[in-house]
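Chemist: Need coordinates for the following:
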Amino acid sequence: MGLIGIIIVVVVGVLVAQDAKKRGMSPWVWGIGVFLLCIVFLPIYFIVRKPLVTDSTTIPIRQTGVSADNSYPKKKCPQCAEMVKEEAKVCRFCGYNFEQPVPPSAKETVIASSDVTPLTTVLLTDKYELLREFGRGGMGIVYEAVNRALGKKVAIKKMREELKINPREKEKFLKEARTVAELHHPNIIDIYDILEENNDIYLIFEFVDGKTLDRILNEQGKMPSRKAINIISEICKAIVYAHNHRVIHRDLKPSNVMIGFDGQIKVMDFGIAREAKDTISRVSGYETSGTLCYMAPEQHLGIFDARTDIFGLGVIFYEMLFAESPFRGPDFLAQKREMVYPKPKEILSDIPDTINEVIIKCLQAEKEKRYQNVEDLLIVLSNIQ
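Modeler: Below is the predicted model:
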């Protein structure tokens, strides 16, 4: 019942016992008196001890994208527009670093950008020359570089500092990166090398001259259904190959899809982005998931399998067709579990029934009700007229 309560009862009991002895009363009489006193006292003690629930009580909510505590000063994240505590150093939704602000348009991609200031010549292990920085994101900084021996352009991603703090977490990330580096497919951006210099981790990627899918959507808006089908089909081919090699992406979103100026469609950051963000969250204590609207419901609970990627494919397909996400928050998990989103037919009545059915099936809250593998989804897409 609590230490204070016990002490009070004991003290009262001793005082009552002493008084009873002075009066020449039987110990049984004062014993019963103490017992009755406890019966009266204890309910009062627990009622007083229990805190009252008020409107300002903070109720913890797990990964829903909204805080129940509205009492603290807030500021808006320039990258994801979510509201966070005024003193926050890192956005708990997207990982944006308020102490090292970057333009909201800067993306964690391997696209070329002509408006980025060139770096003073920097050499990495004497093998790569860093030319310029052209992107920052939740995982780190991306540079355009050149392989000096081959004269070939590459993209180099310097991983966040948090990855090197814990040796076990660092090795776990490197193991995941080595696994992904084994993937070689026309629709997947290759990882050429994994380097460590001055205890920093660098990933050497294939350089793609093009734009990310999210940048294209921001510039051009929604796509014709045939173009969207072609793009999502190429993404599916990459995912089928990865799944066949036991690699699940876990972070599918438009900013992880590159469309080259030659029309080539490539997917990047298989497993690596999610592993890096999870590691950073564990080490720093900050939530860096950042892509709540694309995550399958089970991912909010730390569960995933191949069908998790199918949910992400459905969100990307929806976004290409309507230029907005089906889930708009702030309570993303509740919306996904209840499947609360504008259905394709509700937005565009003349959209083909097959497209409407594909998206609804991909976005099922229960993974058992989605397509059970990406091959099945690809077959359905190929039959859409």
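Chemist: so where do the helices sit in the protein?
Modeler: Taking DSSP state H as the test, the helices found in the chain are 3-22, 27-49, 167-180, 213-220, 225-244, 272-284, 306-322, 332-338, 344-347, 353-362, 374-382.
Chemist: relative to helix 306-322, how tilted is the fifth one?
Modeler: Relative orientation of helix 225-244 versus helix 306-322 (axes from the mean of the first three to the mean of the last three CA atoms, to 10 degrees): 160 degrees.
Chemist: Okay, buried residues for helix 225-244 please.
Modeler: Using 16 or more other CB atoms under 10 Å as the test for burial, helix 225-244 gives 225, 228-229, 231-243. In short, each C-beta sits where N, CA and C put it, glycine included.
Chemist: what's the answer for the fourth one, then?
Modeler: Under the neighbour-count criterion of 16+ other CB under 10 Å, helix 213-220 has 213-217 buried.
Chemist: helices or strands up against it?
Modeler: On a contact count with 3 or more CB pairs under 8 Å, 6 or more residues apart in numbering; DSSP states H and E, helix 213-220 meets strand 257-260, helix 306-322.
Chemist: low pLDDT regions in this structure?
Modeler: Low-confidence segments of the chain, defined by pLDDT under 70: 1-6, 8-14, 16-73, 76, 78-84, 89-97, 99-123, 137-138, 162-165, 273-290.
Chemist: What is the burial count for Tyr143?
Modeler: Residues lying near Tyr143 (other CB atoms under 10 Å) number 24.
Chemist: Leu130 too?
Modeler: The tally of other residues near Leu130 (other CB under 10 Å) stands at 21.
Chemist: Distance of it relative to Asp200?
Modeler: Taking CB to CB, to the nearest Å as the measure, Leu130 falls 12 Å from Asp200.
Chemist: go on, Tyr318?
Modeler: Distance of Tyr318 to Asp200, given as CB to CB: 38 Å.
Chemist: higher neighbour count, the two?
Modeler: Remark: of Tyr318 and Asp200, Tyr318 carries more neighbours, 27 against 15, as counted by other CB under 10 Å.
Chemist: got the contact list for the more buried one?
Modeler: For Tyr318, the contacting residues are 325-326, 344, 359, 363, by CB atoms under 8 Å, 6 or more residues apart in numbering.
Chemist: give me that answer again for 6 Å
Modeler: By CB atoms under 6 Å, 6 or more residues apart in numbering, the contact set of Tyr318 is 326, 359.
Chemist: Walk me through the domains of the protein.
Modeler: Following automatic domain parsing, one gets these domains for the chain: 7-39, 95-206, 211-382.
Chemist: can you list those in JSON lines and add distance to Lys85?
Modeler: Converted to JSON lines, these look like this (distance: least, CB to CB, whole Å):
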{"stretch": "domain 7-39", "distance to Lys85": "39"}
{"stretch": "domain 95-206", "distance to Lys85": "11"}
{"stretch": "domain 211-382", "distance to Lys85": "11"}
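Chemist: contacts for stretch 180-199?
Modeler: 125, 164, 177, 202-206, 234, 237-238, 241-242, 265-268, 270-272.
Chemist: So among those, which ones count as buried?
Modeler: Buried subset of those (neighbour count, 16+ other CB under 10 Å): 164, 177, 202-206, 234, 237-238, 241-242, 265-268, 270-272.
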